[in-house]
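1. heads up, no residue letters with this:
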């Protein structure tokens, strides 16, 4: 057998033993023949039994190899099939919104030989095959303890073993990017890159539901992108899949990570037993409260790791950094520094950087200075930062430049590269400030990444450095204040836009596609829009708000707003997916300009607000239609419309509207009657509840639906309300349940609240947001804990019929309810006890109740055609019921100052029922929604109608609400819009062969799905056409399409010769 062994050894060295199936089979056949010949030669010295054993063993090996060959051939065929499917599915995956540059970095791993104990513990947890093993490990510790180094080390270890699924690292300086919304999509993409089968499963999920491509519902992302595919693949690998999430505490504020924590705690237990998630963060209160004491979450604190072992690790780190310097230091010195570190790795890193030899530096002096410092924790780091900066910044001029550069970096709204910082600085107002940031940053590589690179965003190596600079009590004279930075940056951003903005910045080839279908759009944005220009487009108003008005800055604002650059600005925001920020930017600019009374600029900015309110949705959907659809349909008196002269090859609207329509957006998405609408407290979103069983959230600026409809109810949604902080939405339904939703992630929070035995007709939050109150057709009122969903106390019994309306007093002490039983009840919100007897005065069902702003009075409206006012303290009716109405009073409200009450009979001319009324926040106006399909705005002082009724709905208006700033009204109706048939002509004035259709969303779509033109809602109701050159809308406006360029010729719409081609 020795010769057999030598044969095998030699073969394996020269033939890559067992790497090719075909070669393997030939090799074994040869090996059997070889052994057989040797056995025959030595038959006299070997027994028959040994021969039989060898032959039997080799026959077994041969069969196993043949079996493996069949399996691998089958696997190969499967891989080919999977490859074909992969090509089909890649397009969908490429559209997922994922984060870049958040992965593993081997430069950040632990030094070899350090952190052995904790690393071994984590590796053992990862490799544990017990199905009951915790799926998640939370590693926490204070700043500088080395959490990130451990995270990167584990990620690299898993990557080397082939079982790293994903590594996602948060950082404070990228909070503005909303990385928390891309966490699960990025993890899903990484898992798909690692495993072809996972990729196919994920592609199938997306192809079956295209809305998932851009869903912001992180619960849906978790369930369908991660848990679903992983569960299907469970057991397909002998290794557990590792996902690393580093620095969760730097993802943002508590609200930012609440959804992530809820998923990890509520849904984390549903992960397959073969999945491991390592999570690191500081032990912040919200994270600690969420993750502790959960069976599926293991917690480890770096503060509990053996202190002596940590000091030993820091000793090894210091030794590796300083030992190479000519024997200046010995192990005793290293031990001294390690002991001084208090277990803070970041301090040790800075200490080594501070001591290392360089020109003019005596390392021993630096060493002596460091070891003489006293302190611990953040104080220890502060002393190190001060020591460093004392050496770098010697004189007053150096300090001035240091502060100026760091001020620019610290007060910029997002990290910029050295190149972008220089480009911005070149636009500063003072010539003396227009130097390169390199003269400061070139010496700060110990504190900042990207400091000595041209195109990498400059970020702190450790978050504590920025904390140090911004705290006047910590930094020993290096405090960085705001000073004139916003004035400088406001001017710089405006000037960067003035010189950098152009038409068709990204050279979009066609107007037929949605932005989401331009597969290389992100690449085009990156290549064509410099970092400083994109920054300026996003944040010029943010800096303007922080700057005091002066003539120079005012002139720059005026020139920007009154020229074509404002359109190019909208274009950049459209292609970069920031158009939703344009509305608030212009509103803020309007407030800034009002101080200066710049009439020209104010007119343009007010018009810009209207323009964005009407067209942000289509700019976001297909940016070329900013010019092809939005600009042509702007009213003739619009200042922005006057720029249309430079766009000669667009649709010409003859006889168009002179002014902006009042109904700026028609939010279409529900398939049933809209019963209830509500604005979020900040006015940025609208919630709606419908007979189609869903709740929808809408972007109040663009009109775009946010995520998918909230699906959890199984019957009509009767009432919706936002929590006072805007973070949650509560809904009541005909299915007897109350649902609580995360307003940001669109996720259902916990299970529906199921105690009512009939329809939940009304829901309300307490003023502090801690409780939810619901009234039902089952005659009962329930109070719920808004955090846990638990019922608080017993149901409130007192009504003898359905509860139609509930409201909580402004101080949160009382609840008032109205009922079909003709009564109003007052309840103690804390004890649940009824206060006094039911208030009796109505002779029919009470439909609506409301508190006065001071909580002293209650108003009620009834089907008996009357309104009653009550003393909230005594329950006494104040005067007689207000009579004179010819129909039921379905909605009542107090004015914000409490001096007026509004109800349905506002005006003697009303002949139809008013379903809903609301005051504007300033109390000057009242809005009403009626069964005659109209919305009316009224002067609250005189009771006269303001303008004409707003017509746009084709069925009853059930719910109305003012936005918090009073600028907008949202309405809910039971109407359904029918598709109108339109014929369209091309630019050569020939009738197109196939009929085209105006869809419900306003788009005219070509035969192959081309986006041809978008028509505003105000032109929809009476659209007809002529068969020649004109599209007729209503009876008067006419669209001349003869000169319209579109598709691949769309860029010819702009007459200037300076634009991109």
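-> Received it, and whenever you're ready, just let me know what you need. All figures in this text were calculated on a predicted structure; none of them were measured in a lab.
2. quick one: contacts for the residue nearest to residue 149 when sequence neighbours are not counted?
-> Closest residue to residue 149 apart from its sequence neighbours, by CB to CB, 6 or more residues apart in numbering: residue 110 at 4.7 Å. For the C-beta atoms, the positions are set from N, CA and C on the backbone; glycine is no exception. Counting by CB atoms under 8 Å, 6 or more residues apart in numbering, residue 110 makes contact with 119, 146, 149-150, 152-153, 313.
3. now swap in residue 754 and tell me
-> By CB under 8 Å, 6+ apart, the neighbours of residue 754 are 736-737.
4. For the residue nearest to residue 149, give me phi and psi.
-> Note on residue 110: backbone dihedrals following degrees, to the nearest 10 are phi -70, psi 150.
5. what helix or strand is residue 571 on?
-> If you go by DSSP states H and E, residue 571 is part of helix 565-575.
6. hmm, back to that, show me which pair in the contacts of residue 110 is furthest apart.
-> 152 and 313 (15.2 Å; CB to CB).
7. Burial check on residue 933, number of neighbours?
-> When counting by other CB atoms under 10 Å, one arrives at 19 neighbours for residue 933.
8. Does it touch residue 971 like I think?
-> No - here residue 933 lies out of contact with residue 971, judged by CB atoms under 8 Å, at a distance of 10.4 Å.
9. now the residue lying closest to residue 864 once chain neighbours are set aside: how far from residue 819?
-> Nearest residue to residue 864, sequence neighbours excluded (CB to CB, 6+ apart): residue 844, at 3.7 Å. Distance from residue 844 to residue 819, counting by CB to CB, to the nearest Å: 11 Å.
10. Residue 531 too?
-> From residue 531 to residue 819 the distance is 61 Å (CB to CB).
11. again with residue 427
-> 65 Å.
12. ditto for residue 545
-> 48 Å.
13. These two: which is more packed in?
-> residue 819 (28 against 14).
14. Pop out the phi and psi values for the residue nearest to residue 864.
-> Here residue 844 shows phi and psi, under degrees, to the nearest 10, equal to phi -150, psi -180.
15. What's the per-residue pLDDT of the spatially most central residue of the chain here?
-> For the chain, the residue nearest the mean C-alpha position is residue 181 (4.1 Å; CA atoms, centre = their mean). If you check residue 181, the pLDDT there is 88.
16. dump the residue contacts of the nearest residue to it once chain neighbours are set aside.
-> Closest residue in space to residue 181, ignoring its immediate chain neighbours: residue 216 at 6.1 Å, by CB to CB, 6+ apart. Residues near residue 216 by CB under 8 Å, 6+ apart: 181, 706-707, 744-746.
17. Adding secondary structure and distance to residue 397, write the residues you listed out as JSON lines.
-> Below are the contacts of residue 216 laid out as JSON lines (DSSP: H, G, I helix; E, B strand; the rest coil; distance: CB to CB, whole Å):
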{"residue": "181", "secondary structure": "helix", "distance to residue 397": "44"}
{"residue": "706", "secondary structure": "coil", "distance to residue 397": "51"}
{"residue": "707", "secondary structure": "coil", "distance to residue 397": "53"}
{"residue": "744", "secondary structure": "coil", "distance to residue 397": "47"}
{"residue": "745", "secondary structure": "coil", "distance to residue 397": "51"}
{"residue": "746", "secondary structure": "coil", "distance to residue 397": "54"}
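18. Domain map for the protein?
-> 2-72, 95-305, 308-372, 398-634 (automatic domain parsing).
19. out of those, nearest to residue 737?
-> domain 95-305 (17.8 Å).
20. Pull up the distance across the closest one, start to finish.
-> By CA to CA, to the nearest Å, the extent of domain 95-305 from end to end equals 43 Å.
21. can you give me the offset of that domain from its chain's centre?
-> Distance of domain 95-305 from the chain centroid (CA atoms, centre = their mean, to the nearest Å) equals 18 Å.
22. Start at 263, not 1
-> Sure thing, new numbering starts at 263, so read that last one as domain 357-567.
23. what's the distance between residue 695 and residue 942?
-> Distance from residue 695 to residue 942, by CB to CB: 41 Å.
24. More neighbours: those two, which one.
-> Taking neighbours as other CB under 10 Å, residue 695 and residue 942 compare with residue 942 leading, 20 against 17.
25. any idea how far residue 731 is from residue 669?
-> Residue 731 is 9 Å from residue 669, by CB to CB.
26. For those two, work out which one has more neighbours and name it.
-> residue 731 (23 against 20).
27. Who are the contact partners of the more buried one?
-> Here residue 731 is in contact with 668, 672, 737, 740-742 (CB under 8 Å, 6+ apart).
28. just for the stretch 813-962 of the chain, where's the confidence low?
-> Counting by pLDDT under 70, the stretch 813-962 of the chain shows low-confidence ranges at 859-860, 924-928.
29. What segments of it are helices?
-> Ranges of helices in the stretch 813-962 of the chain, per DSSP state H, counting those that start in this stretch, are 813-823, 827-837, 844-858, 861-883, 887, 893-895.
30. Can you tell me what sits against the second one?
-> Outside of helix 827-837, the residues within contact range by CB under 8 Å, 6+ apart are 759-760, 763-768, 770, 777, 783, 786-787, 791, 795-796, 799-800, 822, 841, 843-844, 866, 870, 873-874, 881-882, 885, 888-889, 893, 902, 905.
31. Buried subset of those as a ChimeraX selection?
-> Per 16 or more other CB atoms under 10 Å, the buried members of these correspond to this ChimeraX selection:
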select :759,763,764,765,766,767,768,770,777,783,786,787,791,795,796,799,800,822,841,843,844,866,870,873,874,881,882,885,888,889,893,902,905
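32. In strands only, show me the contacts of helix 827-837.
-> Using DSSP state E, the subset of the contacts of helix 827-837 located in strands is empty.
33. In helices only, show me the contacts of residue 731.
-> 668, 672 (DSSP state H).
34. For the contacts of residue 731, which single residue is the most surrounded?
-> Result: residue 742 is most packed of these (other CB under 10 Å), 23 neighbours.
35. What does the pLDDT read for that residue?
-> 88.
36. got it, and the one 3 residues further on?
-> Per-residue pLDDT puts residue 745 at 78.
37. Repeat that for the one 10 residues further on.
-> Confidence per residue is given as pLDDT, and for residue 755 that number is 97.
38. Ok, the one 3 residues further on next?
-> Model confidence at residue 758, given as pLDDT, is 98.
39. cool, and residue 1230?
-> 67.
40. coming back round to it: would JSON lines of the contacts of residue 731 with distance to residue 720 be doable?
-> Output for the contacts of residue 731, formatted as JSON lines (distance: CB to CB, whole Å):
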{"residue": "668", "distance to residue 720": "10"}
{"residue": "672", "distance to residue 720": "10"}
{"residue": "737", "distance to residue 720": "19"}
{"residue": "740", "distance to residue 720": "17"}
{"residue": "741", "distance to residue 720": "20"}
{"residue": "742", "distance to residue 720": "14"}
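41. of all the contacts of residue 731, which comes closest to residue 459?
-> Closest to residue 459, out of all of the contacts of residue 731 and judged by CB to CB, is residue 672, at 46.8 Å.
42. Which residue is the nearest non-sequential neighbour of the closest one?
-> Going by CB to CB, 6+ apart, residue 672 has residue 742 as its nearest residue, at 5.4 Å.
43. could you measure that neighbour against residue 913, distance?
-> Distance from residue 742 to residue 913, by CB to CB: 52 Å.
44. same thing with residue 672?
-> Applying CB to CB to residue 672 and residue 913 gives a distance of 48 Å.
45. who are the neighbours in contact with residue 399?
-> 384, 387, 538-541, 559-562.
46. now it, nearest residue through space, not along the chain?
-> Nearest one to residue 399, counting by CB to CB, 6+ apart, is residue 560 at 4.6 Å.
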